[in-house]
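Visitor: Need a 3D model of the sequence below.
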Amino acid sequence: MADGKKRFELIPVDESAPNETPVIRLQSENAPQRAQPVRLEMSPADMKISKRLEIPEREDFEIRTHQPGIDALLETVTINPDFLEEEWGKDSTGHHNIPWGWFVLVAMILAGAVLWSLTGVKKADAQAHKIRVTTESVLGNDAKADQEAGKLIDRIEATTREFFDSTSIDSAVRFVRQPDRVRPLMERYYAGLLIPNSRHFKTKLLQPITLDNRANFWMTSVELANHQTRNLIIEIDANGEPRIDWETLVCYQPMNWDSFAIKRPAGSSLDFRVYIEPDNFFSHEFSDPDQWNCFRLTALDSDETLFGYAKVNEEVSQELLSLLKQNQGHKTSIIVRVNIPEGLQSRRGVVIEKLISPRWLYLDPPQ
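Guide: Residues are numbered from 1 along each chain as shown. Model (predicted):
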């Protein structure tokens, strides 16, 4: 064939003919001529032709896509269609008793829910009334507190204004804390001169602070007429009047720190406001670190540095170490009592006798 494929077709087979033994001819590839096959002819009378594959005509049968199984072929039961319709009618027309008990139970549940809701509404109304009364009371207290706070702020601003407007100790001491103790300090500090008149210009910052669980302190920052900014600590006394801590305002010292470091007056104990830091400068009489703890001492607006020493086993030494630990080893402001013993060879060393205050402010008058 033209397409090169072998064509299959039915060939008549004479089944009555005896089977003959096939003959296989061997022929060399070099044979000069290929033998021609001999075709045996049979007479039509002798042929009894049978067809091995017989396919009936399409109209004689109905082709199924799925043949039934044996159990279906053996089924001999006949079904009456009318019987099927009767069975359907039984299911649709059957009568059943209505479960009235379920309706009663549902009704009881609904009634209980209604009663519970009414009870909840009454309780909610009572609670709402209670909250409303409490809220009105709190709002009233807040309004009263705001009013009092506003009056206090006005008094603080008035006090700072009058203090900075003062030109004499007599007028200024009326607005400072612990006036009986502080007045001699003010007289020594100003040395009989008039207080420089700075005049208060405006308040830049005002906020409450707590010192050792005492909540009656405020910090304020004011700008003066000469454009300088001064920070003040203010205490509200028992009468509700603001009082300025004058000692922290001027950072009062019993003696100028630089003069003390240079002149080194021996034999006297003085209380200084200093910055303290841990150090390890051991020399002369304080060369043994097993006997002494060393601390670097500096002061505000000063150039000189001194080294304070405290005995390792003394209470003051442990107090200073504890303060520095609380401040993570950073510079800490304190009031400390120092002394320069007679005949001391160390030119930068002083002996720390006592911790007077853990800050530059006295909460209570010192003894």
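Visitor: distance of Glu223 from Leu323?
Guide: 33 Å (CB to CB, to the nearest Å). Just so you know, the C-beta spots here come from the backbone N, C-alpha and C atoms, and that holds for glycine as well.
Visitor: hmm, who's touching stretch 244-252?
Guide: The contact list for stretch 244-252, computed with CB atoms under 8 Å, 6 or more residues apart in numbering, reads 159-160, 163, 172, 175-177, 182, 185-186, 189, 230-235, 273, 300-301, 360-362.
Visitor: List buried residues within the residues you listed.
Guide: 159-160, 163, 172, 175-177, 182, 185-186, 189, 230, 232-235, 273, 360-362 (16 or more other CB atoms under 10 Å).
Visitor: Among those, name the ones in strands.
Guide: Using DSSP state E, the subset of the buried ones among the contacts of stretch 244-252 located in strands is Arg230, Leu232, Ile233, Ile234, Glu235, Arg273.
Visitor: List of residues touching stretch 338-358?
Guide: 261, 264-272, 281, 283-286, 295, 297, 305-310, 316-317, 319-320, 323, 334-337, 363, 366.
Visitor: For ChimeraX, what selects the buried ones among the residues you listed?
Guide: Burial among these is assessed by 16+ other CB under 10 Å; the matching ChimeraX selection reads:
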select :261,270,271,272,285,286,295,297,305,306,307,308,309,310,316,317,319,320,323,334,335,336
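Visitor: per-domain residue ranges of the protein.
Guide: The chain breaks down by automatic domain parsing into domains covering 114-249, 257-357.
Visitor: Helix or strand: which one has the closest residue to Glu277 other than its chain neighbours?
Guide: Of all residues not flanking Glu277 in the chain, Arg296 sits nearest, at 4.4 Å (CB to CB, 6 or more residues apart in numbering). For Arg296, the element it lies in under DSSP states H and E is strand 292-298.
Visitor: Each with direction, which strands does the following helix or strand past that strand pair with?
Guide: Counting by DSSP H and E, the next helix or strand C-terminal to strand 292-298 is strand 306-311. According to DSSP bridges, strand 306-311 forms sheet pairs with strand 292-298 (antiparallel), strand 349-357 (parallel).
Visitor: Please enumerate residues in contact with the shortest one?
Guide: Translated: strand 292-298. Contacts for strand 292-298 (CB under 8 Å, 6+ apart): 272, 274-282, 286, 304-312, 317, 320-321, 331, 336, 338, 350, 352.
Visitor: Distance across stretch 239-250, terminal residue to terminal residue?
Guide: One end of stretch 239-250 to the other measures 25 Å (CA to CA, to the nearest Å).
Visitor: Any buried residues in that stretch, and which?
Guide: Buried residues in stretch 239-250 (16+ other CB under 10 Å): Pro242, Arg243, Ile244, Asp245, Trp246, Glu247, Thr248.
Visitor: got TSV for those, with distance to Leu110, pLDDT and secondary structure too?
Guide: Formatted as TSV, the buried residues of stretch 239-250 follow (distance: CB to CB, whole Å; pLDDT from 0 to 100; DSSP: H, G, I helix; E, B strand; the rest coil):
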residue	distance to Leu110	pLDDT	secondary structure
Pro242	69	95	strand
Arg243	72	96	strand
Ile244	74	96	strand
Asp245	74	96	coil
Trp246	79	95	helix
Glu247	79	96	helix
Thr248	75	95	helix
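Visitor: Between the residues you listed, which sits nearest Thr210?
Guide: The shortest approach to Thr210 among the buried residues of stretch 239-250 belongs to Asp245, at 15.1 Å (CB to CB).
Visitor: What distance do you get for Leu355 to Val274?
Guide: For Leu355 relative to Val274 (CB to CB), the value is 11 Å.
Visitor: between these two, what contacts are shared?
Guide: In contact with both Leu355 and Val274: Ile334, Ile335, Val336, using CB under 8 Å, 6+ apart.
Visitor: Which of these sits closest to Trp218?
Guide: Nearest to Trp218 out of those is Ile335 (CB to CB; 21.1 Å).
Visitor: Isn't that closest one up against Leu363?
Guide: No. Between Ile335 and Leu363 there is no contact under CB atoms under 8 Å: 11.4 Å.
Visitor: More neighbours: Leu355 and Val274, which one.
Guide: Just comparing Leu355 and Val274: by other CB atoms under 10 Å the higher neighbour count belongs to Val274, 26 against 20.
Visitor: So what sits opposite the more buried one in the bridge?
Guide: Ile334.
Visitor: Return the distance of it relative to Trp246.
Guide: 19 Å.
Visitor: and what of Val182?
Guide: Distance of Val182 to Trp246, given as CB to CB: 6 Å.
Visitor: Equivalent analysis for Thr298, please.
Guide: Thr298 is 23 Å from Trp246, by CB to CB.
Visitor: The nearest residue to Glu285 once chain neighbours are set aside: how many residues sit nearby?
Guide: Using CB to CB, 6+ apart and skipping the chain neighbours, the partner closest in space to Glu285 is Ser346 (5.7 Å). Number of residues near Ser346 (other CB under 10 Å) recorded here: 20.
Visitor: doesn't Ser346 fall inside a strand?
Guide: No. Judged by DSSP: H, G, I helix; E, B strand; the rest coil, Ser346 forms no part of a strand; its state is coil.
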